[in-house]
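Enquirer: next comes the sequence, and after it the predicted model I'd like to discuss.
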Amino acid sequence: MKATEAKLLAFLKKSPQFVIPIYQRTYSWTEKECRQLWDDIVRTGTNDAVSVHFVGSIVYIEEGLSQVSHQAPLLVIDGQQRLTTVTLLLAALAEALGDEEPVDGFSTRKVRNYYLLNPEETGERHYKLLLSQTDKATLTSIVAQSEMPSAHSIRVQQNFELFKDLIASCKGDLTAVCNGLAKLVVVDIALNRDQDNPQLIFESMNSTGRELSQADLIRNFVLMGLEPTLQTRLYEQFWRPMEIAFGQEAYNTHFDAFMRHYLTVKTGDIPKLDEVYEAFKGHARAIGASDQAVEPLVKELRDYARYYCAMALGAEVDPELKLAFHDLRELKVDVAYPFLLELYHDYASDILGKADLASTVRMIEAYVFRRAICAIPTNSMNKTFSTFTKALKKDRYLESIKAHFLGLPSYRRFPKDEEFERDIQTRDLYNFRSRSYWLRRFENFGRKERVSVDEYTIEHIMPQNDELPSAWRNALGQEWERVHETWLHTLGNLTLTGYNSEYSDKPFGQKRDMEGGFKESPLRVNAGLGLLDTWDEDAIKARAKKLAKTALEVWPSPSLPAEILAEYKPKTPTKESYSIEDHPHLSTPALAKLFGAFRKEVLALDPCVTEEFLKRYVAYKAETNFVDAVPQAKQLRLSLNMPFADISDPKGVCKDVSGIGRWGNGEVEVKLGRVEELPYVMGLIRQSLERQLGNDEAA
């Protein structure tokens, strides 16, 4: 490696050409980073006391430091964003400058011939900077002042226009801009391909500007070290199609999430979003993806990316599946994608039929919506879906999915019809996160000709004005305030209309009979409203009850015959039965009160918590044991089922018992001797429970 400090413009002038390798990310600086660079340049250019402004490093590969051909292009490892942005600024500046030089060396001709072009070269060698793919054609058209390509790079074009606007705001005085550009300094770092490891250097760079995404790091990890011919083929055959499938904007916003879901499918673990790159490296090494074996890995990534784009980005072509995925997206249930990727893979491999895939997507939709309506906490949803594939029996695919849903424990349960039918009648659905979703699903259920709900607005039949008109108060009766507060935003009182402003807070009879009123409404959700004489609590409850029955069909629960469901229930060995009487310490005056308070608090943590008396201790379980209580003469010795390194214990009362023989599960031990200690200890126990339940991030 050879590193030297250099003026950026001089560095550009002397270098034959910079080429961005295909494995590098596309240009990604936003207006924020461009404005920051502009402000730095103008500030530096107006301050004579500042001689230089450092903007980072440019790292590139030479074939060999001693025999380098001065005409060979330099392959940029780090610094693409700064090089591209300065080039865009120089291109905009060249358009604004004329033959006059506000600062020596800055005229249109000199800026173009020194820093943007190689005037004596032709073809691609004519340009100082060559980007990759879409960015390449857009930048060369800007520098050549030719027509912009139809599929142009959004970021490159937008930032070029930004610099043109900023230069125009200078009203012809470009001295500060030119001076500031002349003061920009970089560290010029030349690597030797035979002696330096570009990947390690790339990872260790602390560059200014936008952080590399996890996807950027993964692409470079996969492609950077390969032989150039193989690198080009894998990029063009597999990676570039992924970038195109996502699109320029979605690639930046969705690709990291996709990689996380892919790794969850492949490893069974859910990596943190900012640790996806490290998880991918571990996965690649675990499967032995060497230079020779990297192609199957990249091909698999491309296949799974296609599945993801079909489901998450609306790229599905089959109409039935496309609609099912659209409805699921509206519920924002990203945590289901690891499971869905597995399903789609099997669908694409002809293991799972289209009808069964569509049924499963609808089942997931119903599961998520029912749980939201029944106000079941969303923690553990990610764990539910990340481990779902373990329950699949692929010779009985749909049956095994139904059985697993029906066998989920209480806090992860698929709400039964009675619970869902009851709660949907009283839930506040107006402030539900996806209110257009549930109304659209109601309206279009069973329709072959679908209604676009977006053309309508939500109507409160009983108005939501705090000051109800007297006609409404009379219609609702003496308890109108209670009725209004209780039922205003509920299922029975909400509907769709194209006449919201006309309805206003008119009496029900006028809303019913006016032009475009309920009597004339073609919408199914308004069926029956035109036949009613009044709108009061009984009418609201009656309509809610009717719609709730429909909801059972729109979001159905899975069902299986009892004898088939019994086949899926785990076979548990018969265990000896124990009770509190088998623990004599718990009946002593010293411990009975303490244990009574302890068990009450633990069982109140979550409805899913169960208590089981064993021979040596008392176990409290969600998925499995999260705290075990061993009764001793004067205290409870508690075992928390979690790694000691993960416990947050400001008071330092926990003990690391990993590797030590103890009754109970886990690495954390804490003793409870007095009721006064219970609040703090419960905080420790809650950590163990929450770790087991998991944290849902998107449902």
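Expert: In hand now; what should we look at?
Enquirer: how is residue 89 assigned, secondary-structure-wise?
Expert: In the three-state summary, residue 89 is assigned as helix, counting by DSSP: H, G, I helix; E, B strand; the rest coil.
Enquirer: so who does it touch?
Expert: If a contact means C-beta atoms under 8 Å, 6 or more residues apart in numbering, then residue 89 has 37, 38, 41, 163, 181 as its contacts. Any C-beta I mention is one placed from the backbone N, CA and C, and that applies to glycine too.
Enquirer: again, only this time at 6 Å
Expert: If you count contacts by C-beta atoms under 6 Å, 6 or more residues apart in numbering, residue 89 has them with residue 163.
Enquirer: now residue 119
Expert: Contacts of residue 119 were listed using C-beta under 6 Å, 6+ apart, and they are residue 113.
Enquirer: ok, the one 10 residues further on next?
Expert: Contacts here follow C-beta under 6 Å, 6+ apart; on that basis residue 129 touches 18, 83, 87.
Enquirer: again, but for residue 184
Expert: Contact analysis of residue 184 by C-beta under 6 Å, 6+ apart lists 8, 53, 55.
Enquirer: the closest residue to residue 184 other than its chain neighbours and residue 440, how far apart?
Expert: Taking C-beta to C-beta, 6 or more residues apart in numbering, and ignoring the residues beside it in sequence, residue 184 has residue 8 as its nearest neighbour in space, at 4.1 Å. With distances defined as C-beta to C-beta, to the nearest Å, the gap from residue 8 to residue 440 amounts to 55 Å.
Enquirer: neighbour count winner among those two?
Expert: residue 8 (25 against 21; other C-beta atoms under 10 Å).
Enquirer: flag the shaky bits of the stretch 201-350 of the chain, pLDDT-wise.
Expert: Segments of the stretch 201-350 of the chain classed as low confidence (criterion: pLDDT under 70) are 201-212, 225, 289-292.
Enquirer: swap in 80 and give it another go.
Expert: Regions of the stretch 201-350 of the chain meeting the criterion pLDDT under 80 cover residues 201-213, 215-216, 224-228, 248, 252, 288-293.
Enquirer: please enumerate the strands of it.
Expert: In the stretch 201-350 of the chain, no segments count as strands under DSSP state E, counting those that start in this stretch.
Enquirer: tell me how many other residues surround the closest residue to residue 648 other than its chain neighbours.
Expert: If you skip the residues right next to it in sequence, residue 648 has residue 687 as its closest partner in space, 6.3 Å away by C-beta to C-beta, 6+ apart. For residue 687, the number of neighbouring residues by other C-beta under 10 Å comes to 18.
Enquirer: which stretches of the stretch 1-150 of the chain form strands?
Expert: 2-7, 18-19, 53-62, 74-78, 129-130.
Enquirer: for residue 548, which of the ones you listed is the nearest?
Expert: Counting by C-beta to C-beta, residue 548 lies closest to strand 74-78 out of the strands of the stretch 1-150 of the chain; the figure is 59.6 Å.
Enquirer: how far does that closest one sit from its chain's centre?
Expert: The offset between the C-alpha centroid of strand 74-78 and the centroid of the whole chain comes to 31 Å, using C-alpha atoms, centre = their mean, to the nearest Å.
Enquirer: likewise stretch 470-488?
Expert: Taking C-alpha atoms, centre = their mean, one finds stretch 470-488 lying 43 Å from the centre of the chain it belongs to.
Enquirer: buried ones in it?
Expert: Along stretch 470-488, these residues count as buried under the neighbour rule (16 or more other C-beta atoms under 10 Å): 472, 475, 476, 480, 483, 484, 487, 488.
Enquirer: determine how far the last residue of that stretch lies from the first.
Expert: 17 Å (C-alpha to C-alpha, to the nearest Å).
Enquirer: pick out the residue closest to the middle of this structure.
Expert: With the centre of the chain defined as its mean C-alpha position, the nearest residue by C-alpha atoms, centre = their mean is residue 257, 5.2 Å away.
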